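Coordinates only, no sequence provided:
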Ligand code: SF4
Ligand code: SF4
Ligand code: SF4
């Protein structure tokens, strides 16, 4: 995918003031902001198979430079994140140029991805979704008490490193409930079950865009993506909404419903 360099060159100074993507510096993959076409970093940009929540950087960039336009390299999950972040008023899609990358079949399979491509593809070839449901199916085959035991066992490995929150493209709150001593007792490892993980799961409801970065970052191999995916399944079933799918849909958790709406939910 060496065409990335050509695309960055084409966009910077024309469609956008700067291009946010990844570079490979002696084997270390890092985010990079290319601001001019003579930048030595241009030689190092690459798509590769590393992932990084670039949307988190864009939130800060757009706040710091409200008059600038940024281009950004997006995979399917990055695009979903930016769509949802715009609804949460964290990024302005009007000031963004998305350059889409389709993931390979291997990447889609490894991620268990529901949509391994963005709306418009500039690099790579579109492959079919490979949604991984193994953990969800396994847990759903258990009775309630066993299910609780199963999750308790998974979460007993948690070392409260906050890696899942820190990597998540959809976690941007300045004051995080997971660090509120009234909700989560400081210094207790593993954190109290199930409150710590329920706080995060509830915060991700209607917000998780199913990128799997949390699960990839978790040093305890906890199947976090399956938990959040299940929350999104319930959200879709009850409120007909899946985060990140379309910029035109309103997130039902962002406005108050009427009594009739609530009655409809209870049916
Ligand atoms: S979650 Fe999907 S879009 Fe994102 S990197 Fe994995 S395969 Fe690609
Ligand atoms: S899969 Fe994990 S990291 Fe990705 S948006 Fe959902 S909660 Fe955040
Ligand atoms: S990344 Fe894993 S171990 Fe770390 S806080 Fe999250 S669930 Fe716990």
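Yep, that arrived. As the structure is a prediction and not an experimental result, all values here were calculated from the model. Ligands and ions are numbered 1, 2, ... in the order given.

And the helices in the protein?
Assigned by DSSP state H, the helices in the chain fall at 3-11, 54-64, 76-87, 105-111, 134-140, 144-155, 163-167, 195-204, 213-217, 224-239, 259-266.

Just put the ones you listed in JSON lines and tack on mean neighbour count, mean pLDDT and distance to ligand 2.
(C-beta placed from N, C-alpha, C; glycine too.) Putting the helices of the chain into JSON lines (neighbours: other Cβ atoms under 10 Å; pLDDT from 0 to 100; distance: least, Cβ to the nearest ligand atom, whole Å) gives the following:
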{"stretch": "helix 3-11", "mean neighbour count": "17", "mean pLDDT": "95", "distance to ligand 2": "23"}
{"stretch": "helix 54-64", "mean neighbour count": "18", "mean pLDDT": "97", "distance to ligand 2": "10"}
{"stretch": "helix 76-87", "mean neighbour count": "24", "mean pLDDT": "96", "distance to ligand 2": "7"}
{"stretch": "helix 105-111", "mean neighbour count": "17", "mean pLDDT": "91", "distance to ligand 2": "10"}
{"stretch": "helix 134-140", "mean neighbour count": "14", "mean pLDDT": "93", "distance to ligand 2": "13"}
{"stretch": "helix 144-155", "mean neighbour count": "13", "mean pLDDT": "96", "distance to ligand 2": "15"}
{"stretch": "helix 163-167", "mean neighbour count": "19", "mean pLDDT": "97", "distance to ligand 2": "6"}
{"stretch": "helix 195-204", "mean neighbour count": "18", "mean pLDDT": "94", "distance to ligand 2": "5"}
{"stretch": "helix 213-217", "mean neighbour count": "20", "mean pLDDT": "95", "distance to ligand 2": "3"}
{"stretch": "helix 224-239", "mean neighbour count": "18", "mean pLDDT": "92", "distance to ligand 2": "5"}
{"stretch": "helix 259-266", "mean neighbour count": "9", "mean pLDDT": "68", "distance to ligand 2": "23"}
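
and the nearest residue to residue 34 once chain neighbours are set aside, what are its bridge partners?
Nearest residue to residue 34, sequence neighbours excluded (Cβ to Cβ, 6 or more residues apart in numbering): residue 19, at 4.5 Å. Using DSSP bridges, the bridge partners assigned to residue 19 are residue 34, residue 71.

how much space between residue 19 and residue 83?
20 Å (Cβ to Cβ, to the nearest Å).

residues from the stretch 151-267 of the chain in reach of ligand 3?
158-164, 217-220, 222, 224 (Cβ under 6 Å from any ligand atom).

The same query, at a cut-off of 5 Å, please.
Taking Cβ under 5 Å from any ligand atom, the part of the stretch 151-267 of the chain that reaches ligand 3 is made up of 158-159, 161, 163-164, 218, 220, 222.

Separate out the buried members of the residues you listed.
Among those, the ones that count as buried by 16 or more other Cβ atoms under 10 Å are 158, 163-164, 218, 220, 222.

Name the member of these with the shortest distance to residue 46.
The closest of those to residue 46 turns out to be residue 163 (Cβ to Cβ; 24.4 Å).

Tell me which residues touch that closest one, please.
214, 217-219 (Cβ atoms under 8 Å, 6 or more residues apart in numbering).

between those, which is closest to residue 233?
Sorting the contacts of residue 163 by how near they are to residue 233, with Cβ to Cβ, puts residue 214 at the top with 16.8 Å.

I figured that closest one hits residue 164, correct?
Yes: using Cβ atoms under 8 Å, residue 214 is in contact with residue 164, at 3.8 Å.

Mind listing the shared neighbours of these two?
Listed as contacting both residue 214 and residue 164 by Cβ under 8 Å, 6+ apart are residue 224.

Ends of stretch 187-194, what's the gap?
Terminal residues of stretch 187-194 lie 16 Å apart, using Cα to Cα, to the nearest Å.

which residues sit in contact with residue 250?
Residues in contact with residue 250 (Cβ under 8 Å, 6+ apart) are residue 87.

hmm, back to that, output the helices of the chain in TSV; the columns should cover distance to residue 186.
Shown next, in TSV, are the helices of the chain (distance: least, Cβ to Cβ, whole Å):
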stretch	distance to residue 186
helix 3-11	44
helix 54-64	25
helix 76-87	30
helix 105-111	34
helix 134-140	30
helix 144-155	18
helix 163-167	16
helix 195-204	12
helix 213-217	22
helix 224-239	22
helix 259-266	37
